[in-house]
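Enquirer: Here's my sequence, what's the structure:
(chains A and B)
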Amino acid sequence: MGELQVKKQPKKYDVVIVGSGAGGGMAAYILANAGLKVCIIEAGYSYDPQKNITQLKNPWDSPRRGASTKIRPFGDFDACYGGWNLDGEPFTKAQGTDWDWWRARMLGGRTNHWGRISLRFGPKDFKRRSIDGLGDDWPIGYEDVKPYYDKIDQLIGVFGTNEGLENDPDGYFLPPPKPRLHELMLKKGAALTGVNVIPSRLSILTQTIKSTTERGACFFCGQCNRNCSMAKADFSSTNVLIYPAKKTGNLDIIPNAMAREVLTDKEGLATGVSYINKEDMMEYQVMGRTVILAASACESARLLLNSKSDRHPNGLANNSNVAGKYLHDSTGTDVGGVMPDLFGRKVYNEDGVGGAHIYSPWWLDNKKLDFPRGYHIEYFGGMTQPGYGFGGGIEGLNGKYAVNGKTKEAGGYGKSLKEDYRFFYGASVGMSGRGEAIPREDNYCEIDPNVVDKYGIPVLRFNVKWSEYEIKQAKHMKETFKEILHNMGAVVTWGGNDDEKNDYGISKPGQIIHEGGTVRMGNDPKRSVLNKWSQAHDCKNLFCVDGGQFVSQADKNITWTILALSMRASEYIVDEMKKQNL
Amino acid sequence: MDRRKSLKLIATGTLAVPAVIAGCKTDDKKTAAAVEPTFNLDRNPDELKYEKELLAKEKFFTDHEMATITLLADIIIPKDEISGSASEAKVPEFIEFIVKDMPSNQVPMRGGLRWLDMQCLKRYEKTFKDCSSQQQLELVDLIAYPEKAKKSKELTQGVAFFTLMRNLTATGFYTSAIGVKDIGYAGNQPTQWNGVPDDVLKQYNVAYTEKELKECVSFDKSS
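Expert: Purely as a prediction, here's the structure:
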């Protein structure tokens, strides 16, 4: 490296956005379409689903047959670049605490591979403190967000059904796909336990939609985690927001740009973002009238805490000292097994859409339980595409269950073993719970005073623990899942032995990859970073539109609400700019 | 090239991902050996670097070890009336790759193969590879059945090795074109999901509800 100097991008933008996932993509889409000049800086590689393709590949197209690598921890065909540990980008944890941190590093972020589970928060989800006295109410209610949910349902597309459930609101749904065979069996099993099972709500186009002619309908390959390169039938920020926004001519994208800090002027207002270009390792600045953070909850908090100035000595927009606090993730547990009724089943194509065709919204009243918040259930199983690990552990099955009427010795080899693999194929079944945790002030991330990453940027130190509430919820999940599997005649083969000794197998905080809460909104500037428009209390031209703004995250995967809130904040920005308030 | 057309070509596998092959000379015969490897699936720059390093590595297994692996793989998955053998599906090549990609398998595989040879030397005064088929199967019978083998403590390491070998062979075989056809996986192609076939619904005594039939997407079965 020669002499270190900071290069200023000559173009001044109306809006600079840090990050390109659900929040950043939606903001870019709305603002570029409103005629504003927008620049996205993205810490990862550029990526174009129309060129970077893993969809419809065969298992043997991957030399490791779809196994994961450090670079693609969710498997060789998965569409997300990133990882739990990134070379040169460490983070630390306070002793005795846990946080597994997934960081996407690509255009479109984790929306390129997510489960497309698109659940509106319900009226109760915004007002939890009023119901159970824990955590805090949002400064907004369902009625504030509903118009935006309605808009994104129609802009992006989501299938599901209107069930008239109080806290799982109806929407504008495309027709869902019919349940698969094991899903029909799960439905029966769940009914015996009193668990309500309804069609999934996934942002996948089972039919084309009116809002666009650029996207086709789902052709049922079940590979949404590879991103729909062929038909753009599932939602990803790249296919649905960013590339369409680029067509306006108003959006520039700078990939491989790791944000260092938000720049401010003497008045404390944001003027742009400084970043390091990962390719030439040079320092740059990009200037804008407004700055939007959408870097993921923890990265956005890190940016604020690292952006210190005379006017913002405690980090940008952090007079409240709340930035980094109330960090929380969904809870998760899983149980799986085999369904003896399905041994030797007729084989046919049941790929369907990516993910389950059914799910269970929270069905109980927490007032009658020993934990305060609920969870939803996701189901899986069936005749999936063989991948790395296929056939593993056959010795645990072929000695236990007669194969085509013949009792065998466990293990084995030869023609008899080939018969066994065919016999047991497609009989697996299982489920996962995703629950709401209580956001707490003492669960937080902060700047580690001693550690920097390879760009010299101070890193995050995490300090997060589950409480009894979450562990009791996990216990309830496990008991429920085992009962459902038992009811349907399935045999539990994994996840069934967790108990109080391992906190009922609850996922480590961060593992479900629903990070939220670090830049939360609120009416009180002393207890929140943002106001109800996702706008910083202490810096009016700074916004945060990712999971950071969440006061709580329900038991609903947060993407649909990130999209709705980002659209809401973006329309507010357009409006405020028109009024010359920004 | 028109994007739609190139997409189609990529979809049918007749064209590698363009970004990967861009810039490499394939017409110069002298540098043919140095031609960049191509991949039929998206690889980001970090992955390309990693994959090239893997491909540049020397063979892990010796010829003797590979011959033993091939024999074992074909004992585990032989040709039958439905499909071919593990070696026809290139399972040994898969195992050679995977121990480089996942180095934690290297010692268990190498050590397990030597364990096997030492057992054969003691019993038959030959390595596994040079034993008669009958002797090979005698030895395999001792370690292929974990429950049965529990009785004799000196075989447990061999059982662990054979279980690993069986798992790697199964994964390699059933993720090959031959294996996918054998198992009957019928997806990974555009289709219209119309629900569980009627005969299967009947077989399992399940049915769609009126509500499901009314609200779910359905496609005209005659088309």
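Enquirer: So what touches stretch B:79-93?
Expert: The list of residues contacting stretch B:79-93 from outside it, by Cβ atoms under 8 Å, 6 or more residues apart in numbering or on different chains, reads A:415, A:418, A:422, B:66, B:69-70, B:73-74, B:76-78, B:168-169, B:172-173, B:176-179, B:181-182. (Each C-beta comes from the backbone N, C-alpha and C, glycine too.)
Enquirer: Find the residue ranges of chain B scoring beneath the pLDDT cut-off.
Expert: Scanning chain B with the threshold set as pLDDT under 70 gives B:1-35, B:221-223.
Enquirer: Please identify the residue of it positioned nearest to chain A.
Expert: Nearest residue of chain B to chain A, counting by Cβ to the nearest Cβ: B:Ala170, 3.0 Å away.
Enquirer: and the gap between that residue and A:Ser416?
Expert: 14 Å (Cβ to Cβ, to the nearest Å).
Enquirer: neighbour-wise, which of the two wins?
Expert: Neighbours per residue (other Cβ atoms under 10 Å in any protein chain shown) separate B:Ala170 from A:Ser416, with B:Ala170 holding more: 27 against 14.
Enquirer: Report whether that one is found in a helix, as I expect.
Expert: Yes: the assignment for B:Ala170 is a helix, going by DSSP: H, G, I helix; E, B strand; the rest coil.
Enquirer: Model confidence score at A:Arg226, please.
Expert: According to the prediction, A:Arg226 has pLDDT 98.
Enquirer: got the contact list for it?
Expert: With contacts taken as Cβ under 8 Å, 6+ apart, A:Arg226 has the following neighbours: A:Thr54, A:Gln55, A:Lys57, A:Phe77, A:Asp78, A:Ala79, A:His113.
Enquirer: What is the neighbour count of the fifth one?
Expert: For A:Asp78, the count of nearby residues is 20 (other Cβ under 10 Å).
Enquirer: try the last one
Expert: A:His113 is surrounded by 26 other residues when neighbours are defined as other Cβ under 10 Å.
Enquirer: Give the rounded mean pLDDT of the helix or strand harbouring A:Gln285.
Expert: Secondary structure here is read from DSSP states H and E; on that basis A:Gln285 sits in strand A:283-293. Mean pLDDT, taken over the full extent of strand A:283-293, equals 98.
Enquirer: That one - contacts with which helices or strands?
Expert: If contacts are counted by 3 or more Cβ pairs under 8 Å, 6 or more residues apart in numbering or on different chains; DSSP states H and E, strand A:283-293 sits against strand A:6-18, strand A:38-41, strand A:257-264, strand A:270-277, helix A:297-306, strand A:539-544, helix A:559-578.
Enquirer: cutoff 6 Å now
Expert: If contacts are counted by 3 or more Cβ pairs under 6 Å, 6 or more residues apart in numbering or on different chains; DSSP states H and E, strand A:283-293 sits against strand A:6-18, strand A:270-277, strand A:539-544.
Enquirer: ok, now how distant is A:Lys232 from A:Thr54?
Expert: Counting by Cβ to Cβ - A:Lys232 and A:Thr54 are separated by 15 Å.
Enquirer: When these two are compared, which one has more neighbours?
Expert: When A:Lys232 and A:Thr54 are compared on other Cβ under 10 Å, the one with more neighbours turns out to be A:Thr54, at 26 against 21.
Enquirer: For my notes, confirm the more buried one occurs in a helix.
Expert: No: the secondary structure assignment for A:Thr54 gives coil rather than a helix, going by three-state DSSP.
Enquirer: List the residue ranges of chain A that fall below the pLDDT cut-off.
Expert: Counting by pLDDT under 70, chain A contains low-confidence ranges at A:1-3.
Enquirer: Of all residues in it, which one is closest to chain B?
Expert: Taking Cβ to the nearest Cβ, chain A has A:Gly391 as its residue nearest chain B, at 3.0 Å.
Enquirer: Would you check that that residue makes contact with A:Tyr421?
Expert: Yes: in this structure A:Gly391 lies within contact range of A:Tyr421 using Cβ atoms under 6 Å: 5.4 Å.
Enquirer: quick one: the helices in the chain?
Expert: The chain I'm using is chain A. A:22-33, A:128-132, A:142-156, A:181-193, A:243-246, A:297-306, A:414-424, A:468-487, A:559-578 (DSSP state H).
Enquirer: Chain B is the one I meant
Expert: Secondary structure of chain B by DSSP H: the helices cover B:3-11, B:18-21, B:45-56, B:63-76, B:91-101, B:106-124, B:133-143, B:146-149, B:156-174, B:177-183, B:198-203, B:210-215.
Enquirer: most tightly surrounded among those helices?
Expert: Comparing the helices of chain B on average neighbours per residue, with mean count of other Cβ atoms under 10 Å in any protein chain shown, the densest one is helix B:156-174 at a mean of 23.
Enquirer: could I get it in PDB with only the CA atoms?
Expert: The C-alpha coordinates for helix B:156-174 follow below in PDB (Å, rounded to 0.1, in the frame of the first residue of the first chain):
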ATOM      1  CA  THR B 156     -14.700 -52.100  17.100                       C
ATOM      2  CA  GLN B 157     -12.200 -49.900  15.200                       C
ATOM      3  CA  GLY B 158     -12.900 -51.900  12.100                       C
ATOM      4  CA  VAL B 159     -16.600 -51.500  12.500                       C
ATOM      5  CA  ALA B 160     -16.100 -47.700  12.900                       C
ATOM      6  CA  PHE B 161     -14.100 -47.600   9.700                       C
ATOM      7  CA  PHE B 162     -16.600 -49.700   7.700                       C
ATOM      8  CA  THR B 163     -19.400 -47.500   8.900                       C
ATOM      9  CA  LEU B 164     -17.600 -44.400   7.700                       C
ATOM     10  CA  MET B 165     -16.800 -46.200   4.400                       C
ATOM     11  CA  ARG B 166     -20.500 -47.200   4.000                       C
ATOM     12  CA  ASN B 167     -21.700 -43.700   4.700                       C
ATOM     13  CA  LEU B 168     -19.200 -42.100   2.200                       C
ATOM     14  CA  THR B 169     -20.000 -44.700  -0.400                       C
ATOM     15  CA  ALA B 170     -23.800 -44.200   0.000                       C
ATOM     16  CA  THR B 171     -23.400 -40.400  -0.200                       C
ATOM     17  CA  GLY B 172     -21.200 -40.600  -3.300                       C
ATOM     18  CA  PHE B 173     -23.400 -43.100  -5.000                       C
ATOM     19  CA  TYR B 174     -26.900 -41.700  -4.300                       C
END
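Enquirer: Check which helices and strands that helix sits against.
Expert: Taking 3+ Cβ pairs under 6 Å, 6+ apart as contact, the helices and strands that helix B:156-174 lies on are helix B:63-76, helix B:91-101, helix B:106-124, helix B:133-143.
Enquirer: what does the stretch 401-550 of chain A put close to chain B?
Expert: By the rule Cβ under 6 Å from any Cβ of the partner chain, the part of the stretch 401-550 of chain A lying against chain B is A:Glu409, A:Ala410, A:Gly411, A:Gly412, A:Tyr413, A:Gly414, A:Lys415, A:Lys418, A:Tyr425.
Enquirer: Turn these into a markdown table, including neighbour count.
Expert: As requested, those are arranged in a markdown table below (neighbours: other Cβ atoms under 10 Å in any protein chain shown):
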| residue | neighbour count |
| --- | --- |
| A:Glu409 | 16 |
| A:Ala410 | 17 |
| A:Gly411 | 23 |
| A:Gly412 | 22 |
| A:Tyr413 | 23 |
| A:Gly414 | 16 |
| A:Lys415 | 13 |
| A:Lys418 | 25 |
| A:Tyr425 | 24 |
